[in-house]
Structure formats: structure tokens, C-alpha cells
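Colleague: Sequence first, then the predicted structure, then my questions.
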Amino acid sequence: MHSRISESEQEQLLEKLEVFKIKGRDKRGRKILRVIGKFLPARMVSVDVVRKYLEERIFPKLGKKPFSVLYVHTGVQRSENFPGISALRSIYEAIPMNVKENLEAVYFVHPDLQSRLFLATFGRLLFSGGVYGKLRYVSRVDYLWEHIRRSEIEIPEFVLDHDEDLERRPMMDYGLESDHPRVYDTPAFDSPVSMYSTRCIS
């Protein structure tokens with residue numbers, strides 16, 4: 001699946017797309033590792049290359065001090081940029097213990113219903129070392145500024161655009177309204193069943 005381009009080309013692709021970038025600090029003064037899920041070319045880059053890239057180019061820059069992760073889930077599609085559960089676990093398990101111990105917070109921007117349910121069900125099993133307990137869901141970019149210094153972090157335009165869509169159509173947060181353009185103008189509710197579902201979720 002990833003054999004069409006060499007390992008060095010895969011590393012260059014990760015670098016060029018800035019999937020992983022250390023920049024800025026949160027309000028507690030911790031370095032931020034920003035991860036843009038949509039930018040990960042999961043069909044072109046192998047798990048081994050991702051692990052090597054993190055080990056050689058990212059972890060050394062974090063040093064031995066506490067840091068936080070800003071993970072942006074906006075626009076992640078299973079068929080395009082989601083590496084799969086086993087790949088995520090493999091990458092996580094390859095993180096050195098000292099790095100795991102220094103990770104103090106994970107800010108998860110724009111979690112969809114599927115990711116929330118998955119993490120609630122399997123998060124504690126997949127991610128050891130108490131990482132699940134460090135997870136903070138951030139449903140809107142505005143809420144991020146409660147934790148992160150706004151002037152020090154770059155948020156891609158497509159994330160801000162999605163944020164505006166969510167403000168206009170909040171049912172997208174719960175998976176009750178599609179973000180597909182063809183259904184933009186359809187009513188969010190058309191039966192008592194969907195109203196009941198909303199109350200259950202919220």
C-alpha cells in the first residue's frame with residue numbers, strides 16, 4: 001500500500017504537510033505538539049515511517065519537559081487519512097516512556113460522535129499510562145483559547161470554516177445532521193424519533 005514511494009520520500013511528505021509540528025505554548029507554559037489529522041497521508045505513509053519520523057524529528061525537540069498535544073480531528077475520513085486502530089496503537093506503543101510521562105494534556109478539537117464513542121469504549125484499553133484521563137474534548141475553536149495561547153498557534157482555514165458550520169448547524173456535532181452539501185437545507189428534525197434521540201445523546 002505504501003511501497004510506491006521510498007521511505008525518504010514518505011518522510012519528506014510528512015515534513016512538507018506539517019502533520020506534526022511543535023509550536024507555541026499552552027496557558028501553563030507547556031510546549032505544544034500540533035497534529036492535523038486531515039494532513040496525514042495514511043494511504044501513502046507506513047506506520048514504521050511515522051514512528052521513525054516522530055522518534056528522530058519530533059520527540060528530541062520536546063526535550064525533557066512537560067508538553068501538551070493539540071490534535072485536530074476536523075476533516076478526518078476513514079478512507080483517506082485515518083491510519084486505523086492497530087496503526088494508532090503501534091505508534092503509541094513506540095513512544096518512549098519518558099515522552100509519555102511528560103505528556104500532560106491532549107486537546108482533541110472537533111471530535112465527532114464516532115470518535116467519542118470509540119474512545120469512551122476502547123480508549124482506556126488502547127492507551128496506557130493514563131493518557132485517556134488527560135484527554136480534553138474541544139468542540140469549538142473558541143474554547144481552545146481557554147487552554148492555549150491564541151497568538152502562538154496556527155489553525156488551518158478549513159478548521160475555522162468547519163467551526164462556523166457547526167455553529168450554524170449544531171446537530172452535526174452529534175452525527176444527527178450530515179455535513180454533506182446536498183443536505184444543507186434539509187430540516188434537522190422530521191420526526192419525534194429524532195427529537196428523542198437528541199435528548200438521549202445530550
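Modeller: That came through, no problem.

Colleague: so Glu167 makes contact with Arg140?
Modeller: Yes - if you go by Cβ atoms under 8 Å, Glu167 and Arg140 touch, sitting 7.3 Å apart. In short, each C-beta sits where N, CA and C put it, glycine included.

Colleague: who has more neighbours, those two?
Modeller: Arg140 (15 against 11; other Cβ atoms under 10 Å).

Colleague: My guess is the more buried one contacts Glu164. True?
Modeller: No - the criterion here is Cβ under 8 Å, and Arg140 misses it with Glu164 at 9.9 Å.

Colleague: export the longest helix along the chain as PDB, just CAs?
Modeller: Longest helix in the chain by number of residues, with DSSP state H as the criterion: helix 113-126. This file holds the C-alpha atoms of helix 113-126, laid out as PDB (Å, rounded to 0.1, in the frame of the first residue of the first chain):
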ATOM      1  CA  LEU A 113     -19.800  11.200  17.700                       C
ATOM      2  CA  GLN A 114     -17.900   8.100  16.400                       C
ATOM      3  CA  SER A 115     -14.600   9.100  17.900                       C
ATOM      4  CA  ARG A 116     -16.200  10.000  21.200                       C
ATOM      5  CA  LEU A 117     -17.900   6.600  21.400                       C
ATOM      6  CA  PHE A 118     -14.800   4.800  20.300                       C
ATOM      7  CA  LEU A 119     -12.600   6.500  22.900                       C
ATOM      8  CA  ALA A 120     -15.200   6.000  25.600                       C
ATOM      9  CA  THR A 121     -15.300   2.300  24.800                       C
ATOM     10  CA  PHE A 122     -11.700   1.400  24.000                       C
ATOM     11  CA  GLY A 123      -9.600   4.400  25.000                       C
ATOM     12  CA  ARG A 124      -8.500   3.000  28.300                       C
ATOM     13  CA  LEU A 125      -7.600  -0.300  26.700                       C
ATOM     14  CA  LEU A 126      -5.700   1.100  23.800                       C
END
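
Colleague: Centre of the chain to it, how far?
Modeller: 13 Å (Cα atoms, centre = their mean, to the nearest Å).

Colleague: Please identify the buried residues of it?
Modeller: Neighbour counts over helix 113-126 (16 or more other Cβ atoms under 10 Å) mark 115-116, 119, 126 as buried.

Colleague: and if you look at stretch 44-51?
Modeller: Burial within stretch 44-51, assessed by neighbour count using 16+ other Cβ under 10 Å, is assigned to 45-47, 49-51.

Colleague: So for it, mean pLDDT?
Modeller: Mean pLDDT, computed over stretch 44-51, is 93.

Colleague: what does it contact?
Modeller: Counting contacts by Cβ atoms under 8 Å, 6 or more residues apart in numbering, the residues outside stretch 44-51 that touch it are 1-2, 4-5, 7, 10-11, 13-14, 83, 87, 90-91, 94.
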